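Asker: Attaching a predicted model along with its sequence, questions to come.
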Amino acid sequence: MLESEDSREHLSDYERAVCYYTLPRVISPVTFGTICVYCVIVAQTLAATFYGWYTGNRDWMVGGIVAFLWLIALGSVLFLIRAFINEMRERRALNEAHGLHDAVPASSEIPDPFAGHVLLRHPAAARGRLFSCTQNDASLQYFVDSPQEHFVNFGNHAKDLWKVRTKHDVECCQISVLRGLPSFTLDPALPGKVSVTKDGVEIARIVSRFSFQAPTTEIQILHPNPRKYEIRRQGIYHQDRLIGRMYSLRHSNYMDIEESHFNEGILAYFVVWS
């Protein structure tokens, strides 16, 4: 049996609350829509430059080149500033929570917001093919045999197969990565299409969808109780209600989800997410 690789790691109650509730509100990611608008404007400056060159109009050509250079410089600065602000907001929120002791057990007057939740962790950069999924107290829950030493280049083979087993060495499910995402995606660490099987039966299917607002992944549970989940900006939704979230902290990936919704399909997504 594989021993926990990160037994010294522990997510405090305050860090957990910050990652689950605070960071998604203070961090503003760059969306596909923003990038598309920026690319369209850049393309217009290139078109103006080409038009000036083709017609011999020096004003159009010089104006297009100047506008193109200004857009590249301005876009780089704005994207860097946005990334810096997000980084500072994240660091500030986590620094305030880091080092604080866990909260006292919730009383009837102050309910625990994470009661009935499952919190799993796996290393963000696993070394070797075999890695563990543990609870917050470092107790082993699952171990995973991945097809590659690091989770890159999804779909380069006909079928990339992952195997997930429980802590009792019983097969939980198999994950077949059927298609990778296009190389231009902003989230290359995720596959494009995944099939999850158990005892030879397909129990879930995971498909990544394009969206101008944020990358969206659908998890379709096929068996035994059909239902659908969506993952947007690492928030897990069922019928548009937030039921869980995934985040990264100190070289580990976490999944915090309501136990009633935890299933092999969502576990499969968490396993291949890095």
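Answerer: That came through, no problem. Numbering: from 1, shown residues only.
Asker: which stretches of the stretch 151-274 of the chain have low pLDDT?
Answerer: In the predicted model, the stretch 151-274 of the chain carries pLDDT under 70 at residues 151-159, 180-190, 210-214, 274.
Asker: And the helices in it?
Answerer: Assigned by DSSP state H, counting those that start in this stretch, the stretch 151-274 of the chain shows helices spanning 264-272.
Asker: what does the stretch 1-150 of the chain give?
Answerer: Shown for the stretch 1-150 of the chain, the helices assigned by DSSP H, counting those that start in this stretch span residues 13-17, 23-26, 32-55, 58-97.
Asker: ok, and which of the ones you listed has the densest surroundings?
Answerer: Scoring these by mean neighbour count under mean count of other C-beta atoms under 10 Å gives helix 13-17 as the most buried, with a mean of 19. Backbone N, C-alpha and C define where each C-beta goes, glycine included.
Asker: how about that one as CSV, C-alpha atoms only?
Answerer: The C-alpha coordinates for helix 13-17 follow below in CSV (Å, rounded to 0.1, in the frame of the first residue of the first chain):
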residue,chain,number,x,y,z
ASP,A,13,-9.9,25.7,9.2
TYR,A,14,-9.2,29.4,8.4
GLU,A,15,-7.2,28.6,5.3
ARG,A,16,-9.9,26.3,4.2
ALA,A,17,-12.5,29.0,4.6
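Asker: What is that helix packed up against?
Answerer: Judged by 3 or more C-beta pairs under 8 Å, 6 or more residues apart in numbering; DSSP states H and E, helix 13-17 is in contact with helix 58-97.
Asker: coming back round to it: reformat the helices of the stretch 1-150 of the chain as CSV; add mean pLDDT and distance to Leu222.
Answerer: Shown next, in CSV, are these (pLDDT from 0 to 100; distance: least, C-beta to C-beta, whole Å):
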stretch, mean pLDDT, distance to Leu222
helix 13-17, 85, 31
helix 23-26, 80, 29
helix 32-55, 86, 28
helix 58-97, 83, 37
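Asker: Tabulate those (CSV), appending distance to Leu242.
Answerer: Listed next are these as CSV, based on distance: least, C-beta to C-beta, whole Å:
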stretch, distance to Leu242
helix 13-17, 14
helix 23-26, 9
helix 32-55, 21
helix 58-97, 18
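Asker: what's the closest of those to Ile231?
Answerer: helix 23-26 (12.6 Å; C-beta to C-beta).
Asker: so how far is that closest one from its chain's centroid?
Answerer: 15 Å (C-alpha atoms, centre = their mean, to the nearest Å).
Asker: can you tell me how far Phe262 sits from Ile221?
Answerer: Distance of Phe262 to Ile221, computed by C-beta to C-beta, to the nearest Å: 11 Å.
Asker: Check Tyr142 too.
Answerer: From Tyr142 over to Ile221 the distance is 18 Å, taken as C-beta to C-beta.
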